[in-house]
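[1] Compute the structure for the input listed below.
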Amino acid sequence: MRRKTWSIMRKLGRATATAGVRWIDERCPTMAAAVAFFAAFSLAPTLVIVIAIGGAFFGPEAVRGQLVGQLTGLIGEEGALAVQGLIQSAWLAEGSLLKTLLSVATLLIGASAVFAELSEDVNLLWKVPPRPGDGAVSAFLRVRLLSIGLVVGVGFLLVVSLVLDTVVTALQDLMWPPDDAVRLLMGVVNEASSLLLLGGTFALLMKAMPRARVQWQEVTLGASVAAVLFVVGKSLFGLYLARAGTVDAFGAAGSLAVLLMWLFYSAAVFLYGVAFARAWSEQNVPSLPETPATAAAAGPDMR
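    Numbers count the residues shown, from 1 in each chain. Next up, the predicted model:
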C-alpha cells in the first residue's frame, strides 16, 4: 500500500513538473492573454444568457444579485459595479419579434467567442490535428455550436449553484441560533460545494473541447488542479486588491485592468490544468488521445 501511494505521488510530481514546462513551452501565457481579451468582450453577453437561464428558475434579479456578489469577491466592488453596468447595457430590451431574435443571435455569437478561442487553445495543448475533410466553414460552425452549448451549460450550472446555496441557507436556518461549530461546518460545506462545482465545470469544459477522446480520469485530475489554483488565486487576488490599490493606480481604467488581470489568471490556471491532464495521460498511455479517424478504426469508445 505504501509503495503504491509513493508511486502515485511520484507520478503526480512528474506530471506537475511536465505540465509546468509545457505550459511555458506552448506559450500558454500568450494564450491566456488572448482568452482574457475575448472574455472581456464576451463577458456581458455571456452573463446575460446565464442570467436568462437562471432567471427562469429563480428570477432575473436573484440571479443578477448572486453574480454581482460573486464578482465583488473576485474583482472588488468597483469592478463588479462596472460589470453590472455592462450587463444592464446588454440586457435584452422589449421590442418586435425580429428585433428580439436578432438580439439573441448577437448575444449567442458574442458569448461563444471566448469559448471558441479557449477550445482552439485546448486542442493546441493536446496536439490534436483538425478533423480530416473539415472545411473552414464547417469547422467554424462546429466550434461555434459547441461554444454556444457550453454557454448554456454554464447557465444551468449556475442554477445548480443557486440550489446548493439555498440548501445551505435552509440548513443554517434549521440550526438557528448557530454556534461557532455550526458556522464553521456550514462554511466548510459551502466552500467544499463551491470547489466541487468549479472542478466539475472545468472537467466538463476539458472533456468537451478537445477534438479527441480523452479519459475522464485525466480531465478530472486536470480540472481538480485548476480548481484548487483558482480558489488559491481568488484569495490571493483579494488580498492584493485590498493592499495594492490597483484600481486607483490605473485611474479611470482601473476596473477594466482588474477585470483583465482576473480573466488572465483564470485562463492561465485552466490551461495549466489542461497541460496537467495531458502530462498525466502520457504517463499512463504513451500515445496521444485518439483522433476521430483512429477511434473509428478501433471501434466504439467505452470510456
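[2] Check the offset of stretch 33-41 from the chain's centre.
    Centre-to-centre, stretch 33-41 and its host chain are 13 Å apart (C-alpha atoms, centre = their mean, to the nearest Å).
[3] what's the average pLDDT for that stretch?
    For stretch 33-41, the mean pLDDT works out to 87.
[4] Could you pull out the buried residues of it?
    With burial defined by 16 or more other C-beta atoms under 10 Å, the residues of stretch 33-41 counted as buried are 34, 35, 36, 37, 38, 39, 40. Yep, even glycine has a C-beta here, placed from its N, CA and C like the rest.
[5] could I get those as CSV with secondary structure and distance to residue 144?
    Shown next, in CSV, are those (DSSP: H, G, I helix; E, B strand; the rest coil; distance: C-beta to C-beta, whole Å):
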residue, secondary structure, distance to residue 144
34, helix, 17
35, helix, 16
36, helix, 20
37, helix, 18
38, helix, 13
39, helix, 16
40, helix, 19
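[6] neighbours around residue 184, how many?
    Neighbourhood size, residue 184 [other C-beta atoms under 10 Å]: 11.
[7] circling back: of the buried residues of stretch 33-41, which is the nearest to residue 3?
    residue 35 (41.1 Å; C-beta to C-beta).
[8] wait, that closest one sits on residue 115?
    No - with contact defined as C-beta atoms under 8 Å, residue 35 does not count as touching residue 115 (9.4 Å).
[9] which stretch of helix or strand covers the spatially most central residue of the chain?
    Centroid check for the chain by C-alpha atoms, centre = their mean gives residue 202 as the closest residue, at 5.4 Å. Residue 202 is located in helix 180-208, with elements delineated by DSSP states H and E.
[10] Now do the buried residues in that helix.
    186, 190, 193-194, 197-208.
[11] Also stretch 59-78?
    63, 64, 66, 67, 68, 71, 72, 74, 75, 76.
[12] quick one, the one helix or strand the third one maps to and helix 180-208 angle?
    Counting by DSSP H and E, the secondary-structure element that holds residue 66 is helix 60-90. For helix 60-90 and helix 180-208, the angle between their directions (axes from the mean of the first three to the mean of the last three C-alpha atoms, to 10 degrees) works out to 50 degrees.
[13] Which SSE is immediately downstream of helix 60-90?
    Taking DSSP H and E, what comes next after helix 60-90 is helix 97-126.
[14] Show the average pLDDT along that next one.
    77.
[15] Start at 561, not 1
    Got it, the first residue is 561 from now on, which makes the last one we talked about helix 657-686.
[16] How far does it sit from its chain's centre?
    Per C-alpha atoms, centre = their mean, the centroid offset for helix 657-686 relative to its chain is 15 Å.
[17] what angle separates it from helix 740-768?
    80 degrees.
[18] Of all the residues in helix 657-686, which ones are buried?
    663, 667-668, 670-683, 685-686.
[19] And for stretch 832-846?
    832, 833, 834, 835, 836, 837, 838, 839, 840, 841, 842.
[20] hang on, the earlier thing: counting by contacts, list what the helix holding residue 762 packs against.
    For helix 740-768, the packing partners by 3 or more C-beta pairs under 8 Å, 6 or more residues apart in numbering; DSSP states H and E come out as helix 696-734, helix 776-804, helix 814-844.
[21] From the contact counts, what lies against the second one?
    Which is helix 776-804. helix 620-650, helix 740-768, helix 814-844.
[22] And residue 755, how close does it get to residue 579?
    20 Å (C-beta to C-beta, to the nearest Å).
[23] give me the low-pLDDT residue ranges for the stretch 711-860 of the chain?
    Applying pLDDT under 70 to the stretch 711-860 of the chain flags the ranges 711-739, 742, 802, 804-813, 845-860.
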